[in-house]
Structures are given as structure tokens and as C-alpha cells.
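> Here is a sequence together with a model predicted from it:
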Amino acid sequence: MALALAERGARVVLASRNREALEALQRELSEGGYEALVVPADTREAEQQQQLVETARRWAGRIDVWINNAGVLAAGALEDVPAEVNEAVIRTNLIGYVHGAQAVLPLFKHQGRGILINNISVGGWLPTPYMTAYCASKFGLSGFTEALKGELLPYPGIHVCDLYPAFLDTPGIQHAANYTGHVLRPAPPLYDPREVAATVVRLIRHPRRRTALGFFPHFLRLSYQFFPGLTRRVTGGLIRSYLKRADTIVKSPGNVLETVPYGLAVDGGWRSAGMQPKPRTKAILIAAGLLAGLLAMRR
């Protein structure tokens, strides 16, 4: 996102817990002739979000777009995941977004305009067993942003845009807190994270309240909407089946509690390992076949 926006003339403010990763991205942007400001911040902390807004405003004079994008994942049976890890997932994925919106909205109202983009993910539509805190945070985000849109109706110049990408080829799964005892892999079909960045650029030009990336998120949403019990059984069964076959690994909190020094690239490398996304036509046929199977099973 930072690269795509900078290439289009945006003055980018970069914020995360990992100063070294931010500075590496800042150098990459600088080498391309683009300007960026680094502000190390933990989005779970309201005061740090407030300071981030003020620092960005002083540097750029205004804030046109705010992107809530921080996200972490914890996998494992609920009783196996430490309470502090579950809490940190919800504080990052949900409370952090609330803090970000709360910090920037007064400035948007003062300016009379602004775009708030929330990167939620398909996890806001599909409950995933063994990722309960993650799903709680994402479902919570969907409710939070819908309520916020109603609150902002008197401010037509302020747009809240929710993004629901499908599974992406990023290092995110490498960062996950893993208490399954087995190696985790993302579920195909996987999409290029640059498609998310391109979607963000389009949303800034033409704001929309809700945008999904790819056909697959729509299929998953409809599957759960019409067949909730069956969808839970299928997803739970698929995950249990995968974990029985997956290689073992030491349990770890990943980057949920603290940053990690690995997996800092844009790409996760999963597509090059044979997990490429399906062509659109094939994806539609596969989804139609799955939906037909669900209908048959329900009968």
C-alpha cells in the first residue's frame, strides 16, 4: 500500500511496532524518490494513536486518508492459546482500529472530509474454527464499522471503506501465534497482495462502503449466510484433517505479543510453492460446484 500510494504522489506516514522494518521501507521509498515519515507506534495504545495523528498532521498539514491495517493471528484450540495472546489479538485487530478511527475522526470533521479504510479480511464474514479470537476481532470489526457509518451520515465528506480481501500471499501466516503444534499454511486460492494495494488506490478515488477482493470471499459469505451449521462443520473438518497431516512445530506466540525479525517482505512465497490463485472462470466453477454440494448435503 505504501509503495502504491507513494508512486501516485502521496506523502506517506508509516506506523507499526517494528522500527527497523519501517526504516527499511522508508529507505526503499526514498530510493524511488518518494517522501515518507516513520512513526513507531503500537496501535493497541490509544495515546500512541493520538500522537500518530498529531505527528502526521504537523508533518503533512492534513490527513486525507487513514488506513487501519494492523492485524495478528493466533491459531489453536481455545483452551490451548494463552489468555494474554487471545487478548492481544483482539486488542490489535479490533481495539486498535477503534483507537485509530477515534484519533483521526476529529481531524476529518474539522477538515470536512477524509477517507477511513479498514482492512478487515474475509475473516469478518466466515467463522474459522481454531482461530476464535481472530474471528471475534474480525466479526467485531464488521459491526464496529457498520455502526460508525451510521454515526457519520451527517458528514457526507467523510467516507468509511471496508476491505474484505481473500487469502493473500503474504508472510502473515509465518508471524501467527501457533498453538496447534503443527506447521500452518494459508488456504488457497491465494492472491497477490499488490491487488489489495491497487484496490485501496481505487477506493481513495471512488470510495465504497464495502469491497471484497476476488470472487471467493463472496462465496464464503453466502455459504455461511445460508448454511451456517454446515459451513462450520466443513471448515472445522478441513482444518482438523490438515493438522493431522501437517509437520509438527514448536508452539509459539509469533508476533502477537512482540515483533519478530523475519517475514518482512511483501510476498509470502506461497504462490511460488504451487499455491497460485485460480483463474476467475475456474474459481467461479469451483465455487458453484461447492455450493451445489452444500445444497445437496443440506437436503
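Noted; the coordinates are in hand. Treat the numbers as computed from the prediction; the structure is a model and nothing was measured.

> Residue 4 in helix, strand or coil?
Counting by DSSP: H, G, I helix; E, B strand; the rest coil, the backbone at residue 4 sits in helix.

> Name the nearest residue to it, sequence neighbours excluded.
residue 197 (3.8 Å; CB to CB, 6 or more residues apart in numbering). For glycine as for every other residue, the C-beta is placed from the backbone atoms N, C-alpha and C.

> ok, that neighbour to residue 140 distance?
25 Å (CB to CB, to the nearest Å).

> Could I get the contacting residues of residue 145?
118, 120, 160, 162 (CB atoms under 8 Å, 6 or more residues apart in numbering).

> So, low pLDDT: which residues of the stretch 1-150 of the chain?
For the stretch 1-150 of the chain, not a single residue meets the criterion pLDDT under 70.

> the strands in it, which residues?
Assigned by DSSP state E, counting those that start in this stretch, the stretch 1-150 of the chain shows strands spanning 12-14, 36-38, 65-68, 74-75, 114-119.

> For residue 59, find the nearest of the ones you listed.
strand 36-38 (5.1 Å; CB to CB).

> List the strands paired with that closest one, with their directions.
strand 12-14 (parallel) (DSSP bridges).

> List the buried residues of the strand it pairs with.
Neighbour counts over strand 12-14 (16 or more other CB atoms under 10 Å) mark 12-14 as buried.

> And for stretch 249-263?
Neighbour count says stretch 249-263 has 253-256, 260, 263 buried, by 16+ other CB under 10 Å.

> now it: mean pLDDT?
Averaged over stretch 249-263, pLDDT sits at 96.

> hmm, who's touching that stretch?
By CB under 8 Å, 6+ apart, stretch 249-263 touches 17-18, 20-21, 72-74, 76, 80, 82, 84-85, 88-89, 92, 171-172, 174-183.

> Skipping its backbone neighbours, what lies nearest residue 137 in space?
Of all residues not flanking residue 137 in the chain, residue 93 sits nearest, at 3.5 Å (CB to CB, 6+ apart).

> No further questions, thank you.
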